[in-house]
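*Asks:* Just a sequence and a predicted model for now, questions to come.
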Amino acid sequence: MKLINIQQKTKLAPLTSFRVGGDAKFFFEAKTNEEVGLAMMYAYEESLPLFILGGGTNILVSDGGFDGIAIKPNIKNIKPGEDFLSVGSGASMESVLDYCLERGFSGLEWSGGLPGTIGGAVRGNAGAFGGEISNIISEVLSINVIGVQPKLIRRSSKDCNFSYRSSLFKTKEEKEIITEVVLRFDHKNKDELRRVAQEKIQYRAANHPLEYPNAGSIFKNIKAQDAPEELFERAQKLGKLKGRPERMMMPTAFVIEETDLKGFSIGGAEISTKHANFIVNKGRATAKDIFSLINLVKEKVAKKWKLDLEEEIQYLGF
């Protein structure tokens with residue numbers, strides 16, 4: 001196998017938005033499709049657990065670290081077409097949005113202020129303000145090691161099995177690495193697109209605890225139909241329910257607030273007083289603190305409302 005520079009004992013905390021967690025036994029930053037395939041072959045041949053690290057914005061790494069290889073695809077090329085972009089999975093959401101705004105490409109303006117990479121957004125079908133990344137995806141290219149040889153796989157949006165905050169790539173247990181995404185767009189007025197994107201950025205700044213390390217929303221929102229009648233009626237009265245009647249959702253932040261957990265803390269981790277579906281690192285949190293607080297929220301909500309919360313974030317090394 002062609003040699004690549006696999007790093008050993010790499011600190012993962014600085015590579016995550018929570019700023020907590022231990023070391024990866026092995027680490028590799030891949031800048032080409034070939035390097036992605038070689039790193040996956042290395043993991044296969046050495047029987048190493050494999051983890052794909054994107055922007056690190058939706059992950060909690062254990063204090064004990066990860067006894068395997070973390071591969072970070074850092075493919076950032078952006079190739080434009082008349083009404084589409086071909087984007088490397090390591091490109092940041094911010095850079096892709098800026099590129100679109102400059103050219104009047106409409107379809108991504110809802111993501112103003114969203115952190116992370118385009119590859120991570122596709123994997124988790126990121127969305128906000130009624131938009132989802134899957135709405136503008138034409139194709140996704142990924143690499144899988146089948147047998148001992150890496151194989152490039154091209155899928156249409158339909159074949160990616162997108163659903164609420166999920167996709168085929170999220171359910172394949174990290175057997176594939178997204179390397180490129182083809183996005184399709186409509187053309188609209190640049191000034192209007194910038195206005196909408198800036199509106200979202202300002203909303204996040206005003207309503208999300210961006211002053212502390214965090215991983216965004218910890219839990220997926222809840223199907224309104226699953227909520228107990230008392231909670232549903234209160235949410236409806238307060239105007240908290242979102243979406244069309246057939247897909248109406250109840251914000252988990254509202255449920256956590258109604259469970260009297262806003263501001264609760266364990267060690268250096270706190271349920272944000274600004275947005276209850278965020279857990280923040282107040283500066284001295286450990287992964288154990290955050291993990292314990294997540295489990296406390298799940299237990300309290302289940303006990304009071306008979307609701308099972310499902311995490312948006314991913315765990316590594318637990």
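*Replies:* In hand now; what should we look at?
*Asks:* Just give me the residue right at the centre of this structure.
*Replies:* Asn58 (4.5 Å; C-alpha atoms, centre = their mean).
*Asks:* So it sits against Tyr315, correct?
*Replies:* No: the criterion here is C-beta atoms under 8 Å, and Asn58 misses it with Tyr315 at 10.7 Å. To be clear about C-beta, it is placed using only N, CA and C from the backbone, and glycine gets the same treatment.
*Asks:* residue ranges of the strands in the stretch 151-300 of the chain, please?
*Replies:* Shown for the stretch 151-300 of the chain, the strands assigned by DSSP state E, counting those that start in this stretch span residues 176-184, 186-187, 222-223, 249-250, 265-266, 269-271, 279-281.
*Asks:* before we move on, what about the stretch 1-150 of the chain?
*Replies:* Counting by DSSP E, counting those that start in this stretch, the strands of the stretch 1-150 of the chain are 7-11, 23-30, 50-52, 59-61, 66-73, 78-80, 84-88, 105-106, 127-128, 131-132, 137-146, 149-156.
*Asks:* Run through who's touching the first one.
*Replies:* Strand 7-11 is touched from outside by Gly22, Asp23, Ala24, Lys25, Phe26, Phe27, Phe28, Ala70, with contacts defined as C-beta atoms under 8 Å, 6 or more residues apart in numbering.
*Asks:* Quick check: the farthest pair among those residues?
*Replies:* Gly22 and Phe28 (17.6 Å; C-beta to C-beta).
*Asks:* more neighbours, these two?
*Replies:* For Gly22 and Phe28, the more surrounded residue by other C-beta atoms under 10 Å is Phe28, and the numbers stand at 24 against 19.
*Asks:* residues touching the more buried one, list them.
*Replies:* Contacts for Phe28 (C-beta under 8 Å, 6+ apart) come out as Ile4, Asn5, Ile6, Gln7, Glu35, Ala39, Tyr42, Ile69, Ala70, Ile71, Lys72.
*Asks:* burial measure for the closest residue to the fifth one other than its chain neighbours, as a count.
*Replies:* Think Glu35. Sequence neighbours aside, Ile4 is the residue nearest to Glu35 in space, at 6.1 Å (criterion: C-beta to C-beta, 6 or more residues apart in numbering). Neighbours of Ile4 under the rule other C-beta under 10 Å: 14.
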